[in-house]
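A.B. asks: This is the structure alone, sequence omitted:
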């Protein structure tokens, strides 16, 4: 869902950096956020969660977060004059970041394994290219600054070494002897060779780890087939690829070729998969049967551990982070019937267990939980005429995937006043 944050506690938000600063200054208290959603303002109450993570410099920081991701749409704004002041400021900030990185490597705050070479540079540029040419140019600038600072290190074969020679000549009033220059040059070359070997070794090691012990998640509960490939890491699972096919009644034609295409894109086979997760329902019988059969076959044939995922709690896990109260998840079962499960947000404790009901019965069951509640899922979309007194869905909160989950989908969340839901005459 492409929301644009307009204000936080009536403070205008002009950039991602301003938003981060505003949320951190709130120190975990509830925020009033106004977002622009398809041209209409939507107001929501959000309480940040406190999260601890490591920065690029290796330092552990604790900050409040609200569970959103940065968009990749680039907006160009005019700059004053030639933009020289902005360019110098940005270059200075990036230079400080690079220097602090070197200092923290020496202090061993950043592990030596984080040093990368040409393979890592290619991977980073490839990732940036997915977001557009602007990100690629920004990466090129950062790499250039990195190389410029390395070139100024006091190593004899680099420009920094020649600057040291000039300083020594100024201090001692005579040039450094050729003998000492030759010895220093050999030491400098040896140092650079060791550094390059370490970078390439880390690249190869990272690549081998990158292509093994992957996690494959599959789902086929409704009209869609979904497959997600991830790489486990110390800070959660990194998304490598995801595929979705809306092919009602044709799942068997797409699942196996789609999985093969996804693995072939990385040049790997099933042996690189270390774990499999499969959405086990409730949902479409045909889709579930096909996905479960494929998962069982891969797990049994290659000795891969297999885990099951419950569909309705998985759907609820995203928006529940930002809500308080009852959250009803309503999905289509079959003609005239829906699946209903009710959770307490944000804890996701089950209030009412999973049941198959008519929509009128589901309305009565939801009304018994209280006057207002949050409702999401495909049930109303599939059987829209069963609740004539229910207003059209009004998005109230974006459905955001929880960090670490392996299933991600867009959904519409609406807030209902339960007394307004009544049976059809």
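C.D. replies: Now that the structure is in, tell me what you want to look at. Computed from a predicted structure; not experimentally measured.
A.B. asks: so what's residue 275 closest to, chain neighbours aside?
C.D. replies: Leaving aside its chain neighbours, residue 275 sits nearest to residue 215 (4.8 Å; criterion: CB to CB, 6 or more residues apart in numbering). To be clear about C-beta, it is placed using only N, CA and C from the backbone, and glycine gets the same treatment.
A.B. asks: Was I right to think residue 41 contacts residue 34?
C.D. replies: Yes. Assessed by CB atoms under 8 Å, residue 41 is found in contact with residue 34 at 5.5 Å.
A.B. asks: Let me see the contact set for residue 223.
C.D. replies: 246-248, 284, 287 (CB atoms under 8 Å, 6 or more residues apart in numbering).
A.B. asks: Among these, list the two that are farthest apart in space.
C.D. replies: Farthest pair in the contacts of residue 223 (CB to CB) is 246 and 284. Separation: 12.1 Å.
A.B. asks: quick one, phi/psi of residue 116?
C.D. replies: phi -120, psi 160 (degrees, to the nearest 10).
A.B. asks: That one: neighbour count?
C.D. replies: The number of residues packed near residue 116 is 17, by other CB atoms under 10 Å.
A.B. asks: Hmm, it is touching residue 200, no?
C.D. replies: No. Residue 116 lies out of contact with residue 200 (CB under 8 Å); the separation is 9.1 Å.
A.B. asks: Overlap of the contact sets of these two?
C.D. replies: What both residue 116 and residue 200 touch, as defined by CB under 8 Å, 6+ apart, is an empty set.
A.B. asks: still on that earlier bit, so which of the contacts of residue 223 comes closest to residue 331?
C.D. replies: residue 284 (10.1 Å).
A.B. asks: Show the model's pLDDT score for that closest one.
C.D. replies: Per-residue pLDDT puts residue 284 at 66.
A.B. asks: which element is residue 222 on?
C.D. replies: Assigned by DSSP states H and E, residue 222 falls within no helix or strand.
A.B. asks: Need the overlap of contacts for residue 41 and residue 34.
C.D. replies: residue 6.
A.B. asks: quick one, which of those two is more surrounded?
C.D. replies: Shown here are residue 41 and residue 34; by other CB under 10 Å, residue 34 has more neighbours (17 against 10).
A.B. asks: Quick check: the more buried one vs residue 305, distance?
C.D. replies: 45 Å (CB to CB, to the nearest Å).
A.B. asks: Quick one: the strands in the stretch 51-200 of the chain, in order.
C.D. replies: Using DSSP state E, counting those that start in this stretch, the strands of the stretch 51-200 of the chain run over 60-65.
A.B. asks: show me where it has helices.
C.D. replies: With DSSP state H, counting those that start in this stretch as the criterion, the stretch 51-200 of the chain has helices at 84-106, 118-129, 133-151, 159-172, 178-210.
A.B. asks: What of the stretch 301-425 of the chain?
C.D. replies: 311-316, 359-367, 379-382.
A.B. asks: Check those helices for me and report the most buried one.
C.D. replies: helix 311-316 (a mean of 23; mean count of other CB atoms under 10 Å).
A.B. asks: Show the low-confidence segments of the stretch 251-400 of the chain, by residue range.
C.D. replies: 267, 284-285, 371-372, 380-400 (pLDDT under 70).
A.B. asks: one more time with 90
C.D. replies: 251-274, 279-303, 308-311, 314-339, 344-348, 352, 355-400 (pLDDT under 90).
A.B. asks: pLDDT on stretch 198-206, on average?
C.D. replies: The model assigns stretch 198-206 a mean pLDDT of 83.
A.B. asks: Show me what counts as buried in it.
C.D. replies: Residues of stretch 198-206 classed as buried by neighbour count (16 or more other CB atoms under 10 Å): 199-200, 202-203, 206.
A.B. asks: Among the contacts of residue 223, which one is most surrounded by other residues?
C.D. replies: residue 287 (25 neighbours).
A.B. asks: In contact with the nearest residue to it once chain neighbours are set aside, which residues?
C.D. replies: Leaving aside its chain neighbours, residue 287 sits nearest to residue 220 (3.1 Å; criterion: CB to CB, 6+ apart). By CB under 8 Å, 6+ apart, the residues touching residue 220 are 226, 251, 255, 279, 283-284, 286-288, 290-291.
A.B. asks: so residue 50 makes contact with residue 66?
C.D. replies: No. Counting by CB under 8 Å, residue 50 does not reach residue 66; the two are 11.3 Å apart.
A.B. asks: How many residues are close by residue 24?
C.D. replies: The burial count for residue 24: 14, using other CB under 10 Å.
A.B. asks: Find me the pLDDT at residue 189, would you?
C.D. replies: For residue 189, pLDDT reads 91.
A.B. asks: Please report how far it lies from residue 102.
C.D. replies: Residue 189 is 20 Å from residue 102, by CB to CB.
A.B. asks: Residue 305: neighbour count?
C.D. replies: Residue 305: 9 neighbours (other CB under 10 Å).
A.B. asks: Kindly reformat the helices of the stretch 301-425 of the chain as CSV containing distance to residue 342.
C.D. replies: Listed next are the helices of the stretch 301-425 of the chain as CSV, based on distance: least, CB to CB, whole Å:
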stretch, distance to residue 342
helix 311-316, 9
helix 359-367, 7
helix 379-382, 13
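A.B. asks: between those, which gets nearest to residue 96?
C.D. replies: Per CB to CB, nearest to residue 96 of the helices of the stretch 301-425 of the chain: helix 311-316, 42.0 Å.
A.B. asks: can you pull the contacts of residue 261?
C.D. replies: residue 243.
A.B. asks: next structured bit after the strand or helix carrying it?
C.D. replies: If you go by DSSP H and E, residue 261 is part of helix 251-264. The helix or strand immediately downstream of helix 251-264 is strand 273-281, counting by DSSP H and E.
A.B. asks: what packs against that next one?
C.D. replies: strand 214-219, strand 224-233, helix 285-302, strand 306-310, helix 311-316 (3 or more CB pairs under 8 Å, 6 or more residues apart in numbering; DSSP states H and E).
A.B. asks: The fourth one to strand 273-281, inter-axis angle?
C.D. replies: For strand 306-310 against strand 273-281, the angle between stretch directions is 30 degrees (axes from the mean of the first three to the mean of the last three CA atoms, to 10 degrees).
A.B. asks: try the third one
C.D. replies: Regarding helix 285-302 and strand 273-281, their directions subtend 160 degrees when assessed with the same axes, to 10 degrees.
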